[in-house]
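In: need coordinates for the following:
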Amino acid sequence: MRKIMHTFAALALAAAAVTTMGSSGAQAADGSWDGCPYGAVCIYPQDSDTSRPPTDVFYSYGPHNLHNQYGWHWVLNNQSGGAHAHLCTRSNGGGCGYDIAAQAGVYADLTPINSITLDRP
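Out: Below is the predicted model:
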């Protein structure tokens, strides 16, 4: 049932381009969220749901350049204390646009995205 719900959500979100998703009920007792450790921002494999392990896990604040990330991916922000993440079109955190609030996720086309920033609240 969970896989069906993830597939349905992915199709609905793909039609809407980039959409935020709340984390209600998705966190484990240790604070992880669908395999994304508490305090991290995670990118999942292309065209998959979050049942597979993330391909990238970022913990430190600042910009992180992406490598070989094309097509649609789930990006979950499981940071604490209201920290945000931004998807950026240039390397080293340049051209940042889409804001991902703490405890939220997006299904985004990462083809034009070259970096992601983790920002203190």
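
In: could you report the pLDDT at Asp109?
Out: Asp109 is assigned a pLDDT of 98 by the prediction.

In: pull the number of nearby residues for the residue nearest to it when sequence neighbours are not counted.
Out: Distances taken as CB to CB, 6 or more residues apart in numbering put Trp72 closest to Asp109, at 5.5 Å, once the chain neighbours are dropped. (C-beta placed from N, C-alpha, C; glycine too.) Applying other CB atoms under 10 Å, we find 18 residues neighbouring Trp72.

In: shouldn't Trp72 be in contact with Asp47?
Out: Yes - the criterion here is CB atoms under 8 Å, and Trp72 meets it with Asp47 at 5.8 Å.

In: what about the strands in the chain?
Out: 20-22, 41-43, 56-58, 62-65, 72-77, 84-88, 96-100, 104-109, 115-119 (DSSP state E).
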